[in-house]
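Peer 1: sequence plus predicted model, see below.
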Amino acid sequence: MSNTRTRLVMGNWKMHGNLGQNAKLLASLRAAPRSASGTLMAVCVPFPYLAQAAEALKGSAISWGAQDVSAQAQGAFTGEVSGAMLVDFSCRWALVGHSERRSLHGETDQLVADKAKAALACGITPVVCVGESLAERDAGQAVAVITRQLAPVLALGAEAVKKMVVAYEPVWAIGTGRTASPEQAQEVHAAIRAALVAAGAGNIQILYGGSVKASNAASLFAMPDIDGALVGGASLVAEDFIAIAA
Ligand code: 13P
């Protein structure tokens with residue numbers, strides 16, 4: 001099935017990197033030929049390295065963003081980073097609700113929606129991450145969990161949701177080497193698509209994340225509702241990340 005959505009391959013560096021390693025990685029990404037498929041590439045880097053990414057990627061086809069954003073605009077929120085601060089570094093993207101934020105930092109579905117709203121208010125595209133745990137999948141609850149996670153986001157209204165990206169990242173596939181099969185991923189992507197259609201924003205990109213590698217990217221991307229990938233580990237190795245986009 002063909003669709004009009006541009007494919008997007010986004011790296012999530014998580015808490016990895018240093019100035020020296022980043023310089024090499026960013027230079028390699030910048031030097032890579034643009035994927036013949038027209039796939040867009042982006043990287044979400046740790047906050048301290050946003051200036052470095054902006055400098056290294058300026059004028060290239062690769063965009064950059066952050067891994068989180070505060071739900072607050074400004075004020076006494078020690079340790080938080082606002083959307084306006086991300087705009088100062090020309091961020092195009094902010095991940096919100098990554099499973100590591102939800103599980104390790106207690107982020108609720110409502111907080112994730114508030115962060116998405118705060119990003120939009122600054123002109124940054126929120127990449128709203130959702131995904132079920134293994135226990136939830138085994139209990140047949142995958143779609144129910146994702147529906148619950150998305151509810152406060154969809155409540156922001158069609159005009160807001162149309163400016164977002166959704167990333168489906170089953171928790172059991174993150175960093176485990178155990179990718180969802182293309183059929184397993186497509187089943188959930190189709191459910192997300194149906195929810196987005198019902199919310200009036202059916203044509204936004206839905207990325208898959210969880211142990212995406214060059215060896216499994218093509219079969220995932222062949223699915224009708226998988227519009228790209230959110231890549232962790234493999235985004236730290238230039239050749240691997242470039243191969244996924246290619
Ligand atoms: P891995 O690609 O390392 O499994 O990580 C996926 C992820 O969490 C991206 O946000």
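Peer 2: Done, it's in. Numbering: from 1, shown residues only.
Peer 1: can you tell me the SS state at Ala167?
Peer 2: strand (DSSP: H, G, I helix; E, B strand; the rest coil).
Peer 1: backbone torsions only: list them for the residue of the chain positioned farthest from its centre.
Peer 2: Relative to the C-alpha centroid of the chain, counting by CA atoms, centre = their mean, Ala76 is the outermost residue, at 27.8 Å. Note on Ala76: backbone dihedrals following degrees, to the nearest 10 are phi -80, psi 80.
Peer 1: same question, Met10
Peer 2: phi -120, psi 130.
Peer 1: pretty sure it is touching Gln205, no?
Peer 2: No: Met10 is not in contact with Gln205 according to CB atoms under 8 Å; the separation is 9.7 Å. Every C-beta, even on glycine, is put in place using the N, C-alpha and C of the backbone.
Peer 1: give me the more crowded residue out of the two.
Peer 2: The residue with more neighbours, out of Met10 and Gln205, is Met10; 27 against 21, by other CB atoms under 10 Å.
Peer 1: and the spatially closest residue to the more buried one that is not a sequence neighbour, what are its bridge partners?
Peer 2: Nearest residue to Met10 in three dimensions, chain neighbours excluded: Ala42, at 4.5 Å (CB to CB, 6 or more residues apart in numbering). As for beta bridges, Ala42 partners with Met10, Ser63 under DSSP bridges.
Peer 1: what is the subsequent helix or strand relative to the host helix or strand of Lys115?
Peer 2: Assessed by DSSP states H and E, Lys115 sits inside helix 109-121. Sequence order places strand 125-130 as the next helix or strand after helix 109-121, per DSSP H and E.
Peer 1: touching the ligand at all, that next one?
Peer 2: No: interface with the ligand: strand 125-130 contributes nothing (CB under 6 Å from any ligand atom), its closest point being 6.7 Å away.
Peer 1: and the contacts of that strand?
Peer 2: Strand 125-130 is contacted by residues 10, 44, 65, 69, 92-99, 112, 115-116, 119-120, 145-146, 149-150, 153, 163-169, 192, 207, 209, 230 when judged by CB atoms under 8 Å, 6 or more residues apart in numbering.
Peer 1: again, 7 Å this time
Peer 2: Strand 125-130 is contacted from outside by 10, 92-99, 112, 115-116, 119-120, 146, 149-150, 153, 163-169, 230, using CB atoms under 7 Å, 6 or more residues apart in numbering.
Peer 1: so Ala32 makes contact with Phe241?
Peer 2: No: using CB atoms under 7 Å, Ala32 is not in contact with Phe241; the gap is 8.6 Å.
Peer 1: between the two, which one's more packed in?
Peer 2: The residue with more neighbours, out of Ala32 and Phe241, is Phe241; 27 against 19, by other CB under 10 Å.
Peer 1: okay, Thr4: pLDDT?
Peer 2: Per-residue confidence (pLDDT) for Thr4: 83.
Peer 1: ok, the one 10 residues further on next?
Peer 2: Predicted confidence (pLDDT) for Lys14: 98.
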